[in-house]
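S.K.: Please find the sequence and the predicted model below.
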2 protein chains.
Amino acid sequence: MPEAAHILDVGHFFFILIVILLAAKLAGELFERIGQPPVLGELIAGVIVGGSVLGLVPVDPADPYGSIVHIMAEVGVAILLFEIGLETDLREMFRVGPASLAVAVVGVVVPFGLGYAYWAYAPHPAAGLGDLTTAAIFVGATLTATSVGITARVLSDLGRLATPEARIIIGAAVIDDVLGLVILSVVSGVAAGAAVTVLGVLRTLAVAVGFLVVAVLVGRFLVPKLFDVVVRMRVRYVLLVFAVAFALGLSALASVAGSALIIGAFAAGIILSGTNQFDTIEHEVRPLVAIFAPIFFVSVGASVDLRLLNPTLPSSRGTLVVAGALVVIAIVGKVAAGWAAPWVRMRRLVVGVGMVPRGEVGLIFADIGRRSGVLSPEVFGAVLLMVMVTTFVAPPGLKALFGRREEPAG
Amino acid sequence: MPEAAHILDVGHFFFILIVILLAAKLAGELFERIGQPPVLGELIAGVIVGGSVLGLVPVDPADPYGSIVHIMAEVGVAILLFEIGLETDLREMFRVGPASLAVAVVGVVVPFGLGYAYWAYAPHPAAGLGDLTTAAIFVGATLTATSVGITARVLSDLGRLATPEARIIIGAAVIDDVLGLVILSVVSGVAAGAAVTVLGVLRTLAVAVGFLVVAVLVGRFLVPKLFDVVVRMRVRYVLLVFAVAFALGLSALASVAGSALIIGAFAAGIILSGTNQFDTIEHEVRPLVAIFAPIFFVSVGASVDLRLLNPTLPSSRGTLVVAGALVVIAIVGKVAAGWAAPWVRMRRLVVGVGMVPRGEVGLIFADIGRRSGVLSPEVFGAVLLMVMVTTFVAPPGLKALFGRREEPAG
């Protein structure tokens, strides 16, 4: 009875959702307390409740419950990127200017180049790779992201948000998000089977950049007028519902246009940050992010096969060797970015270290690679380990270099 | 490839979700503007986007997308009942006292009795019924609910919330919710195949009442202490996430204990209304209700087969005759409740009419009956029509009887 398999037990799905939510928050709290980003706790919680350890949360889309977790996780990514877009101040990005741009570009080009070169040319032991060039592009891409959320949070905790270094780091991290999203579109096109030719890459790049530019330009002009009408509607939470529908709609549109879902969600956020109702939307969308985003992070963690990271298994050593190499490339590539703007006086090591954490954008890249089959489970495990290590080392590194000093109150 | 069917297109699911959200809000707005409850608009929007007309929103759990819509609708009901529970003031309920109780009990007993008698004994033309006694209990149960949300909203719009009639109506509607939930548990037990014996009904009744009493007593004592700990956690939105997990957990527990999911969600709301963090939780849960509840109402509407309500089809006339009879019973039974407390001076017709709208609780009952197969599509259509008509007639009726008068500002 293949149909019967679809008729799901609601109570059992509630149980899965409860496990996801509680594990995410408890582990997040633990990490917060030891001075680490909560998102790392959510990932590790995912590993523990997933198939490798407790087996409580299915993430395989072929499992009926796993397919619902997967869809809700995708809603989670879309809403998360929408919120990041909402918080992205376009004018602020233009203001921090050339130094941030230089840091961002070097911080994307160097890790991507090193990662691609390592993957395509160095002899390495990870098995089951399929097309090497495609995998090399993917590995390179996962090395480019910078987590603006984690970096901004650490700088804020250090009381250093008003320093030039912090402004440059955050500006560069935001630009990185945009560059990363463009790379992601290319990479998604590649994953969908587009041939890896210079022309093909340029075409995908043009679609991604074109979608973002057209959506934002048209959107910033038309959408605020639309929302000035919506706000006059009388039903409750009409702004939030239209905003979410808009984010989901632009996500689906980006996907149809041959770009990545999340580039649409991000564009929707940037567009709505220009509406007069921006504050209300941001305020009301946060509880949704609080419920949906952990579903994404926990399910990414749950899709790790822990055996691949067990050094006592000979078969896993390849994964660990690759992970080690990726970590070195990831750190060297981003720290180098600190020297990207020689005309600016700044503490270059601080800027470089501030760019190291890959965070959620790196995870999104890795997850798309895993799901499309371009990254084998072994490589996915290595990439995830790289994302986690870079995200781990940056906060204590920044703390050691940049010192703790409270900003004047008020 | 039965597995391949599970691998869903995320963009297509986003499209379904967008249709649900926009249709719900646009139709809700239209109804709001013509002075009717928005929830009616959401139901009718569901009929239009569902299989009967546009076919955009699948609700059949055997369809892979339909199964996700179904699960998200169930999350929606749980969160909605959780919010209703949060807003239920136990002390207020005890204060309005005997008059409300009398109105509530009469308003449950008379419609249930009339409905049961009509179904079990009158000759009626609806076909495909299965066990008559079970269906009679179900039909009776759907006739008992009173929508506290709709009634309170209308009274508030009329500026009459401070009158004795309004207090008695709202108190009785809240008690009705509780009585209705208990009846629902009985009915769910019946739907699950428990034999309809006096002993069986009493047993299910004891489980439902016992669950509610034990959960609320234990919960009101322990849970506020738990949340005083939770509130000291540092991760963002930890209160909301724990509250939602608690609501889902008590829902699943109620289901395991042999009661209805929503009785657990409602109990969770009542319990958390006793915490010191009540305001924050209520404030943050509302955006979730705004996104999830329309999924439930639209999918209930989408499950109506419109052909059954087409008077030009001979086969549908039976459904319409039954619907007409149920509407008469529903109105007579509730209006009678206005005369339930002869020792109180009040405008009895106003109280009776105020109890008429069945609203969301009636929908939840009907939906459980449809899904368990106890109510045939024909009877489900008739019951839904009854719920919609009673919900339609009450607001203009109250307006005509109770007059519009603005309360003093402030």
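M.R.: Perfect, I can see it now. Since the structure is predicted, the reported quantities are computational estimates derived from the model, not experimental observations.
S.K.: can you pull the buried residues of the strand or helix carrying A:Val321?
M.R.: Assigned by DSSP states H and E, A:Val321 belongs to helix A:317-336. Neighbour-count burial for helix A:317-336 flags A:318-320, A:322-323, A:325-327, A:329-331, A:333-336 (criterion: 16 or more other CB atoms under 10 Å in any protein chain shown). Any C-beta I mention is one placed from the backbone N, CA and C, and that applies to glycine too.
S.K.: Now it: average pLDDT?
M.R.: Across helix A:317-336, the average pLDDT comes to 89.
S.K.: residues in contact with that helix?
M.R.: A:106-107, A:110-112, A:114-115, A:118, A:122, A:124-127, A:139, A:143, A:146, A:308-309, A:311, A:349, A:352-353, A:355-356, A:358, A:378-379, A:381-383, A:385-386, A:389-390, A:393 (CB atoms under 8 Å, 6 or more residues apart in numbering or on different chains).
S.K.: Mind giving me the PyMOL command for buried ones among the residues you listed?
M.R.: Listed next is the PyMOL selection for buried residues among these, using 16+ other CB under 10 Å:
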select buried, chain A and resi 106+107+110+111+112+114+115+118+126+139+143+146+308+309+352+353+355+356+358+378+379+381+382+383+385+386+389+390+393
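S.K.: Okay, and which of the contacts of helix A:317-336 map to helices?
M.R.: Mapping these onto helices (DSSP state H) picks out A:106-107, A:110-112, A:114-115, A:118, A:139, A:349, A:352-353, A:378-379, A:381-383, A:385-386, A:389-390, A:393.
S.K.: Would you mind marking which of those residues are also close to chain B?
M.R.: Here nothing survives when the ones in helices among the contacts of helix A:317-336 are matched to chain B using CB under 8 Å from any CB of the partner chain.
S.K.: which stretches of the stretch 51-200 of chain A aren't confidently modelled?
M.R.: Scanning the stretch 51-200 of chain A for pLDDT under 70 picks out the ranges A:92-96, A:123-132, A:148-149, A:190-191, A:193-197, A:200.
S.K.: can you pull out the helices in it?
M.R.: Taking DSSP state H, counting those that start in this stretch to define them, one finds helices in the stretch 51-200 of chain A at A:64-87, A:90-121, A:132-142, A:148-157, A:164-191, A:198-230.
S.K.: After the longest one, which helix or strand is next?
M.R.: Spelled out, it's helix A:198-230. According to DSSP H and E, the helix or strand after helix A:198-230 is helix A:238-256.
S.K.: From the contact counts, what lies against that following helix?
M.R.: Packed against helix A:238-256, as judged by 3 or more CB pairs under 8 Å, 6 or more residues apart in numbering or on different chains; DSSP states H and E, are the following elements: helix A:64-87, helix A:198-230, helix A:261-272, helix A:278-302, helix B:10-33, helix B:278-302.
S.K.: Please identify the most buried of the ones you listed.
M.R.: Among the helices and strands packed on helix A:238-256, helix A:261-272 has the highest mean neighbour count (mean count of other CB atoms under 10 Å in any protein chain shown), at a mean of 28.
S.K.: helices and strands around that one, which ones?
M.R.: helix A:64-87, helix A:164-191, helix A:198-230, helix A:238-256, helix B:10-33.
S.K.: Kindly reformat those helices as a markdown table containing distance to B:Ile364.
M.R.: A markdown table is the format used below for these (distance: least, CB to CB, whole Å):
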| stretch | distance to B:Ile364 |
| --- | --- |
| helix A:64-87 | 21 |
| helix A:164-191 | 41 |
| helix A:198-230 | 30 |
| helix A:238-256 | 22 |
| helix B:10-33 | 17 |
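S.K.: out of the helices and strands packed on helix A:238-256, nearest to B:Ser52?
M.R.: Counting by CB to CB, B:Ser52 lies closest to helix B:278-302 out of the helices and strands packed on helix A:238-256; the figure is 8.0 Å.
S.K.: mean confidence for that closest one?
M.R.: 91.
S.K.: I'd like the helices and strands packed on helix A:238-256 as CSV, with distance to B:Gly219 appended.
M.R.: As requested, these are arranged in CSV below (distance: least, CB to CB, whole Å):
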stretch, distance to B:Gly219
helix A:64-87, 27
helix A:198-230, 39
helix A:261-272, 38
helix A:278-302, 22
helix B:10-33, 32
helix B:278-302, 13
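S.K.: closest one to A:Leu30 among those?
M.R.: helix A:278-302 (14.1 Å).
S.K.: what's the distance between A:Leu385 and B:Phe221?
M.R.: 46 Å (CB to CB, to the nearest Å).
S.K.: If you could redo that for A:Gly180, that was the one I meant.
M.R.: A:Gly180 is 50 Å from B:Phe221, by CB to CB.
S.K.: now do A:Ser100
M.R.: From A:Ser100 to B:Phe221 the distance is 55 Å (CB to CB).
S.K.: Check A:His70 too.
M.R.: Remark: distance between A:His70 and B:Phe221 (CB to CB) = 39 Å.
S.K.: What of A:Asp279?
M.R.: A:Asp279 is 39 Å from B:Phe221, where distance means CB to CB.
S.K.: Centroid-nearest residue for chain A?
M.R.: What sits nearest the mean C-alpha location of chain A, by CA atoms, centre = their mean, is A:Val361, with 1.4 Å.
S.K.: List phi and psi for the nearest residue to that residue once chain neighbours are set aside.
M.R.: If the residues on either side of it in the chain are set aside, A:Val361 comes closest to A:Ala145, at 3.8 Å by CB to CB, 6 or more residues apart in numbering or on different chains. Torsion angles at A:Ala145 (phi, psi; degrees, to the nearest 10) stand at phi -70, psi 150.
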